[in-house]
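>>> predicted structure and sequence below. I'll ask about it afterward.
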Amino acid sequence: MFSYLVSGLSVSSEVALPGLIALEAGDSQSADVTIRAGAVPRVLDDAETDGPNWQIAPNRFLFEIPDVIRMLLTGGREILFEPETGTSPEEAAIFLSGTGFGILLHQRGRIVLHASAVRVRDSAILFCGPSGAGKSTLAAALVDAGYDLVTDDFCGVSIHADGVPWVEPDGRQLKLWQNSIDRLSLIERRAAPVRPELQKYYVEPRAATAAALPLAAIYVLREARPPHAPGIERPNIVDGGLMIRNNAYRPGMVRRMGQADLYFRAAAAIAQRAGIFTLSRELDFKRFPEVIGWLEAHWRDLGLMEPTT
Amino acid sequence: MKRIIWLASYPKSGNTWFRMLVANLRQDKPADINDLPEREGICSARGRFDDIMLFPSGLLTHEECDRLRPRVYEAIAREAGDEAEENETRIGDVRFVKTHDAWTYTSDGQPLLGGSKGADGAILIVRDPRDIAPSLAHHGRQSIDQSIDFMNDTDAHFCGQRDRQPKQLRQLMPRWDGHIASWLDQTDIPIHLVRYEDMQADTAGVLRRALAFAGIRVTLDEAVQATRFADFGELRKQEAERGFREAVTEQRGSGFFRRGISGSWLDELSSAQVARIEGHHAAMMARLGYDTVIAPDERIAS
């Protein structure tokens, strides 16, 4: 068995999950989440709602990546998986640790955002957006500029009793496409492909953090296209709240599991204790120094960094 | 009961103009070109796939995505229409969804776009390929000859890169004539053909007939007003003032809405370029009623 820490949860897994924070192998009975191989049913008899490749029944979520893997998630505590013929354990890993675990966090009623995060002093800064918005690439550029990686792709947020939102790091490797690896000169940090067929790779970050951090700011990434001018803006509180819900790891899960209220309340807490901003920029590698400059100026304005002398 | 109608076209054939016309129906002033409800509504949008399948399409190869796309469109069509609506142009109970995909079949033999389970019909917008070539060159910042090559390439596609995550799912465009034929010759869903040139000659009339195909009745006055609000000059004016979000980056400054006229190829193409296009696509041009200037026996081999 392998043991990991993911979003603050201890995980016991029968397969190695690259990029997670590894723990000393512990007692699988006491783990918060277990991941194991076994026979996964093709349908749930008591499904209440379904989609093209998934079904939700009380306490259970059946999920299929056709021709790759099937998973049954139970109670936010167990992922049972059955690879389809030809799927290796290495290939199963990306679907278990990414999509599978992200959905499991939804099942646990956790706030989980589609975001990458870096550490600025003693705070976490999140970058949200749908696939292709440039979250991982911006995080990689910031890690290269001296900020530790906190998480990549999804990010669990816990609202503590005092109302402060905290981010539980995953210490994940970055996952970057070859084009980004080339443009950011990260070839020496490139590890295995996330799938043998894809030119997308695990990339070792220069530094990552394993400690939970208070959330200081969320930036929703947008391409600078009309009507969005380049720069950082603060949306009004209603739009900011909608942005949090729309940037849930799987907005469809929020809808299907009736968690809209949960996200609105989290958004209110986040808006009160941290900032929600939009970051609109051209999708161009040459612009990274400029964009990092905007962010650092903004962090100084927010008091997260010392002012320049 | 909601109906889905594909707005299908080879790129640069007038799809955006048609969407602007629909968006301007029953409005009291010209719709903002950057605030159209369907701006994410192209059917190859990655986000819709990810949201419906609940896993990221970016973890699949293009071929694996293609095998699953029919399920996505079937699921969208089945949805009672809750959140699906906000991203699409709607008139009454009809949703129009733009696509540049050819009508292809997956390796399992399923229509990529879900066949009759994905939509109720399609409005296919076509345009003289001699006018498409310079427009496509402008769109992609490439030479007209490169556009002509693209339009003659059976493996042509948009968003098919493998070393990065393209913003949209891969769209196959197997030659200009192959793309049109794929839609005209499929028998899965009914189709209504619109020629760009006819839209220019009688915008309101063509619009009304196309909408009638989709099951929407509009009065001549309504169609005339939409035509005025989506007039090419109005679209260009708005783009000059505020930019157009759907323009590709390379078009900033030079404009998405370029000339919008028919027959501009007469002063934009060399006779050799005209001969190449006509040589490649003569049969489909004839089928669509586009006269060729070069007699068949004078044509160079394609």
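Looks like it came in fine.
>>> for the closest residue to B:Ser107 other than its chain neighbours, give me the pLDDT.
Distances taken as CB to CB, 6 or more residues apart in numbering or on different chains place B:Arg67 nearest to B:Ser107, at 6.2 Å, with adjacent residues excluded. For every residue, glycine as well, the C-beta is placed using N, CA and C. If you check B:Arg67, the pLDDT there is 96.
>>> the one 3 residues further on too?
Reading off the per-residue confidence, B:Pro70 sits at a pLDDT of 97.
>>> wait, isn't it in contact with B:Leu113?
Yes: applying CB atoms under 8 Å, one finds B:Pro70 in contact with B:Leu113, separated by 7.1 Å.
>>> the more surrounded of the two?
B:Leu113 (29 against 21; other CB atoms under 10 Å in any protein chain shown).
>>> which residues touch that one?
Neighbour list for B:Leu113: B:6, B:43, B:69-70, B:73, B:99, B:101, B:103, B:119 [criterion: CB atoms under 8 Å, 6 or more residues apart in numbering or on different chains].
>>> what segments of the stretch 51-200 of chain B are strands?
B:89-91, B:94-99, B:121-126, B:157-158, B:171-172, B:191-195 (DSSP state E, counting those that start in this stretch).
>>> ok, the residue nearest to B:Ser107 - contacts?
Going by CB under 8 Å, 6+ apart, the list of residues near B:Arg67 reads A:66-67, B:106-108, B:110.
>>> which residue packs closest to the residue in the stretch 201-309 of chain A positioned nearest to chain B, ignoring adjacent ones?
Residue of the stretch 201-309 of chain A nearest chain B, by CB to the nearest CB: A:Pro226 (3.5 Å). The shortest distance from A:Pro226 to any non-neighbouring residue, by CB to CB, 6+ apart, is to B:Gly243 (3.5 Å).
>>> how many neighbours does that neighbour have?
22.
>>> ok, back up a step: hang on, isn't the residue of the stretch 201-309 of chain A closest to chain B packed against B:Glu241?
No: using CB under 8 Å, A:Pro226 is not in contact with B:Glu241; the gap is 9.6 Å.
>>> circling back: tell me which of the contacts of B:Leu113 fall in helices.
Cross-referencing the contacts of B:Leu113 against helices under DSSP state H gives B:69-70, B:73.
>>> so A:Pro226 and B:Glu241 - more neighbours on which side?
Taking neighbours as other CB under 10 Å, A:Pro226 and B:Glu241 compare with A:Pro226 leading, 19 against 9.
>>> for that one, give me its contacts.
B:34, B:242-245.
>>> how about the residues of the stretch 101-250 of chain B near chain A?
Residues of the stretch 101-250 of chain B lying close to chain A by CB under 8 Å from any CB of the partner chain are B:161-167, B:242-245, B:247, B:249.
>>> what residues of stretch A:174-193 count as buried?
A:174-181, A:183-184, A:186, A:189-190, A:193 (16 or more other CB atoms under 10 Å in any protein chain shown).
>>> make JSON lines from those and add distance to chain B to it.
Listed next are the buried residues of stretch A:174-193 as JSON lines, based on distance: CB to the nearest CB, whole Å:
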{"residue": "A:Leu174", "distance to chain B": "14"}
{"residue": "A:Lys175", "distance to chain B": "9"}
{"residue": "A:Leu176", "distance to chain B": "10"}
{"residue": "A:Trp177", "distance to chain B": "4"}
{"residue": "A:Gln178", "distance to chain B": "4"}
{"residue": "A:Asn179", "distance to chain B": "4"}
{"residue": "A:Ser180", "distance to chain B": "7"}
{"residue": "A:Ile181", "distance to chain B": "9"}
{"residue": "A:Arg183", "distance to chain B": "10"}
{"residue": "A:Leu184", "distance to chain B": "12"}
{"residue": "A:Leu186", "distance to chain B": "14"}
{"residue": "A:Arg189", "distance to chain B": "17"}
{"residue": "A:Arg190", "distance to chain B": "13"}
{"residue": "A:Pro193", "distance to chain B": "11"}
